[in-house]
Each structure stands twice: as C-alpha cells, then as structure tokens.
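A.B. asks: how would this look folded up:
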Amino acid sequence: MGTLATGRGRVRLNVGGRVFETTAATLAAAGRDTMLDASWNAAHDGAGPAEYFIDRDPACFAVLLDLLRTGGLHVPPGVPEAALYREALYYGLLDRVRAARLGEFDGDRLRLAASVPGRAPGDGTAIRAAPDGGCCVAHGGAVCVHNWALEERRPVYYPGHAPVNDAAYLDAATLLVAARERPGRRDDGGVAAFSALTGEPRHRFRVAHDRQPRSFTAGALALGAGCDVFASCKGRFNEYGVGVWDWNTGEQAGFFYEPPGCALGDADRLQWLDGTSTLMVATMFPRTDSSFISLLDFRDKSVVWSWSDSGTPASLEDKHAVHAVAMEEGRSVCVINQYDDLGFLDLRKNASGVRWRPRSKLTTSGKTRACGEEACYPKLAAHGGQLFASTGDTISVFSGPDHVLTSTLRCSNGGAICDFSIGGDRLFALYSEENVFDVWETPPPPII
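C.D. replies: Residues are numbered from 1 along each chain as shown. Alright, predicted model coming up:
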C-alpha cells in the first residue's frame, strides 16, 4: 500500500477487520525504513482521525503495536511466534522484535529458551551461531540452517554430498562450508560458500600447487581481518597447511605450508587474533597423538609462537589438550584436557609449559565421551570477557581475571554436549546422540 503518512494526530488502522487507533508519533517510532513509518495525511475531510485498511493478521499487529508503544514484547498464548515473525518481517519490525526478545549476552544470566530437534541423530559434528541469532548444524553431508526464529531453511549440501567438517558464517546471508575428500573420489572436498537463505552455491575456494588446482580435505575454518578466509588443508600431494582466500572473489591469497613437526593440515581449531594480526592454529588430541598450538603470521609466513606436548612420557596421567581458545585480553591461550582440567599458556613466552589451574576439575555427569571418542570431548569458547567450557551435559561459565566458576548451564535432556557456539546474543549447544540442540538466551531487562 504506499506511504502511510506523518502528523501528530490520531490514526485509525483497520487491520484484517479489527480497528486500532493510535498516533502518528507511535507509528513513526517504527523507524524510517519500515512500512509503518509516516507520511500520514493529516488533511482529510472527516472530523475524526484518518482510517487506513491493511489486509493482515490483527492479533499479530496488536502485539507489534504494543511493542511500539511500550518497548516490551508480550506475546499472548494464542499468537504463534512463527506468525508473529512473519508479520514483523512484513512491517519491517523484525529487528525490533529481536531486540525486545533478547537482552545483551551475559553467560551468568542465560536461560534455556528452546530445544530444537534435528533430522539426523547421531552424526551431528558441529553447530555454529549466525550473527543474526540463527544457527547451522553440520550433519554428515548436509548443513541444516535455522533462521533467528529457529525455523529451518533449505539445507546446504556440499557438491557430491561430501562429509562436512566445519562451517562458518561470513555474514548472516552467507555460509562457508569445509568438506572432507572421500577415498576414491576427486574434487569432492574443499571449501565453498553458499547462500544461507536459499542453500544455493556461490563459489568454490581452490588450492593451487605448482600452478595446478589440487583436490584437498578442508578442516577447521576461521575468518580474518578484511575479507580473509582461512582453512586447514590436507591434500594428496604437498597441500598440507593452512590456505587463505579472499571471500569476495574466492581467489587464493596465500598458503602457509606445514613446517616439520607442526601438524597444520590436521588442525581442528583456527582463530584469528586481531591484536597481533596472527592466526592461532591448534591440532588437538585425540586427532593426533600429541597436541600442537601455533600462532602464524601470514605477512612473512612465520611461526611467531608455538607449543606442543610432543615428547612427554605416555601414561594415563598425561594431560593432553583437547581444545583451545585464545584470550587476547589476557595474552594467553586456555586449553582443556581430557580430564576436564583448565590450563593456560602464556602467549608472551615461547615454548612455555601449561599452567594447569589447581582444583580446576569441573563437575561432569560422566557422559563426556558418551557419543563417540572424539565428538564429545570438552570444548571451549570465550565471549564478552567470560570463558565457557562444555563438560559432559553441562556448560560452565567462568568470569573475571581469575576465571572463577560463576554459572553452570545444564542441558535439557541429559545427553552429552558434542559442540557449542556463541553468537547473535545466543548460545547454542548440540547433543549429537539425542538429535537436539538447545538455545540459551539472556532475558531482556524489565520495562519500567
């Protein structure tokens, strides 16, 4: 219907046969880019307010109008959330609804908001949060994509349905997928970008060696400064290391070849560090017999910091790092071992040992490896100055410079957490065997 109008007077809207009366100022609060933004025509012949007809759902409109009036989102039991999000999208109010629904992320105030069943039980490998509050789940050769309303979109399939190792959001509309090359197949692994909205492929990221395109298995993914995309790569010839591409063009921008004694091609964790313009590359036990962590500078192809537990005596008491996260504010890398102990490495000292924190063992349910030897080992994440660690069926939250345990999030169904991810003001936890992922949100502050 065209522009609706400005003015300070009253406006009457007939929405699907139900009449609402409000002010032009209230509607203008929706914002200039919304369907309800005004140029309400105050010059009309009648003595009462102008009236306009909108052929949409009146129950959802009542919720949205109350949101504009009060700033709070109150959804009656009879209004389906999916219908509300659809109507909010029509009026251009989806961002307002999301802002009212989610408070600023705080690990100590998280509440379980939803448990979402998936399609393929037992083979979930990774969950990744989208910047707009949605997420994706890698299941075998498919990546199931959910929008921020947790509605499932069209899935993404890597060419040839190659098994997916990792996924990452370039932005809310673009998904990056890393896939494994299968034995006896050529050119069915690697890295590709897809539309997160439609599942359509956009372009492949190729690796060239001696000026010839090579097939390879892509492992962990990371996004760097500007338009850089990084992936650990393992090929059939000399393509062992970490590749970097321009995500706008898909063109290869460089390749960091694996130096002796440093298993870059098998890396299962990459993280870009803005403060030092370096890439953390971690190859963790039990993928390899020993754990390796390095900081790479792609500007001069140098290893600026490294650590490994290679060469330590093999015994049941060894503490192998199984996951790692860099925390630039503390100039350290936090690691977690197979016994759920936290340890810290000093980024200012090369070849430093792990400072295992006394009494850092976390409470677990004994289900840490319930869904496979590797899949359900502990995982780490850092967000907003807090440290998060998954152990068994819980996620522990550590706060402050001394990383004090301040909260514990327990899963909805008692299963073991195989992966979790934070982004878009939400925490997503994946339970592979139970075919479910949980969604945790911080409630918005009360409207006074």
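A.B. asks: report the buried residues of the helix or strand of the chain with the lowest mean pLDDT.
C.D. replies: Least confident helix or strand of the chain, by mean pLDDT, DSSP states H and E, is strand 212-214 with a mean of 81. For strand 212-214, burial by neighbour count (16 or more other Cβ atoms under 10 Å) applies to Arg214. Heads up, the C-betas are built off the backbone N, CA and C, glycines and all.
A.B. asks: what does the next helix or strand after that strand contact?
C.D. replies: Using DSSP states H and E, the helix or strand that follows strand 212-214 in sequence is strand 216-223. For strand 216-223, the external contacting residues (Cβ atoms under 8 Å, 6 or more residues apart in numbering) are 165-168, 170, 176, 178-181, 189-191, 207, 229-236, 239, 247, 265-272, 279.
A.B. asks: rewinding a little: hmm, who's touching the least confident helix or strand of the chain?
C.D. replies: Counting by Cβ under 8 Å, 6+ apart, Arg206, Val207, Ala208, Gly235, Arg236, Phe237, Glu239 sit against strand 212-214.
A.B. asks: quick check, the fourth one in contact with Val207.
C.D. replies: It stands for Gly235. Yes: here Gly235 reaches Val207: they are 6.7 Å apart, a contact under Cβ atoms under 8 Å.
A.B. asks: what does the residue minimising distance to the centre of the chain show for phi and psi?
C.D. replies: Nearest to the geometric centre of the chain sits Ala129, at 1.9 Å (Cα atoms, centre = their mean). Dihedral angles of Ala129 (phi, psi; degrees, to the nearest 10) stand at phi -80, psi 140.
A.B. asks: try the one 5 residues further on
C.D. replies: Reported as degrees, to the nearest 10, the phi and psi values for Gly134 are phi -90, psi -170.
A.B. asks: buried ones only from the contacts of strand 212-214, please, as a PyMOL command.
C.D. replies: For the buried members of the contacts of strand 212-214, the matching PyMOL selection, counting by 16+ other Cβ under 10 Å, is:
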select buried, resi 206+207+235+239
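A.B. asks: residue ranges in the stretch 51-200 of the chain under the pLDDT threshold?
C.D. replies: 119-123, 184-187 (pLDDT under 70).
A.B. asks: ok, now which ones touch Arg56?
C.D. replies: Taking Cβ under 8 Å, 6+ apart, we find Arg56 in contact with Val15, Gly16, Glu87, Tyr90.
A.B. asks: wait, the first one sits on Pro58?
C.D. replies: It refers to Val15. Yes: Val15 lies in contact with Pro58 (Cβ under 8 Å); the separation is 4.6 Å.
A.B. asks: have a look at those two and say which one is more surrounded.
C.D. replies: Set Val15 next to Pro58 and count neighbours by other Cβ atoms under 10 Å: Val15 wins out with 21 against 17.
A.B. asks: OK, contacts around the more buried one?
C.D. replies: Phe53, Ile54, Arg56, Asp57, Pro58, Phe61.
A.B. asks: wait, the second one sits on Phe61?
C.D. replies: Yes: contact criterion Cβ under 8 Å: Ile54 and Phe61 qualify, at 7.5 Å.
A.B. asks: which of these two has more residues huddled nearby?
C.D. replies: More crowded of Ile54 and Phe61, by other Cβ under 10 Å: Phe61, with 22 against 18.
A.B. asks: ok, back up a step: ok now the least confident helix or strand of the chain, how far from the chain's centre?
C.D. replies: 31 Å (Cα atoms, centre = their mean, to the nearest Å).
A.B. asks: residue ranges of the helices in the stretch 101-250 of the chain, please?
C.D. replies: Read by DSSP state H, counting those that start in this stretch, the stretch 101-250 of the chain holds no helices at all.
A.B. asks: pLDDT weak spots in the stretch 301-448 of the chain?
C.D. replies: 311-318, 330, 351, 358-375, 414, 434, 447-448.
A.B. asks: pretty sure the residue nearest to the centre of the chain is touching Asp419, no?
C.D. replies: No: counting by Cβ under 8 Å, Asp419 is not a contact partner of Ala129; they are 11.0 Å apart.
A.B. asks: quick one: contacts for the residue nearest to the centre of the chain?
C.D. replies: Cys135, Tyr169, Ser421, Ile422, Gly423, Gly424, Arg426, Leu427, Phe428.
A.B. asks: buried ones among those residues?
C.D. replies: Neighbour-count burial (16+ other Cβ under 10 Å) applied to those gives Cys135, Tyr169, Ser421, Ile422, Gly423, Gly424, Arg426, Leu427, Phe428.
A.B. asks: would you check how far apart the first one and Pro213 are?
C.D. replies: When you say that, I think you mean Cys135. For Cys135, the distance to Pro213 (Cβ to Cβ, to the nearest Å) stands at 32 Å.
A.B. asks: in stretch 408-417, which residues are buried?
C.D. replies: Leu409, Cys411, Ser412, Gly415, Ala416, Ile417.
A.B. asks: please read the previous query as pertaining to stretch 348-359.
C.D. replies: In stretch 348-359, the ones that count as buried by 16+ other Cβ under 10 Å are Val354.
A.B. asks: which pair in the contacts of Arg56 has the greatest spatial separation?
C.D. replies: Greatest spacing in the contacts of Arg56, by Cβ to Cβ: Gly16 and Tyr90 (12.2 Å).
A.B. asks: more neighbours: which of these two?
C.D. replies: Tyr90 (17 against 13).
A.B. asks: so which residues of the stretch 201-350 of the chain form strands?
C.D. replies: 201-205, 207-209, 212-214, 216-223, 228-235, 240-246, 252-257, 269-273, 278-283, 292-297, 302-308, 321-327, 332-337, 342-346 (DSSP state E, counting those that start in this stretch).
A.B. asks: ok, which of those strands comes nearest Asp66?
C.D. replies: Closest to Asp66 of the strands of the stretch 201-350 of the chain, according to Cβ to Cβ: strand 216-223, at 38.6 Å.
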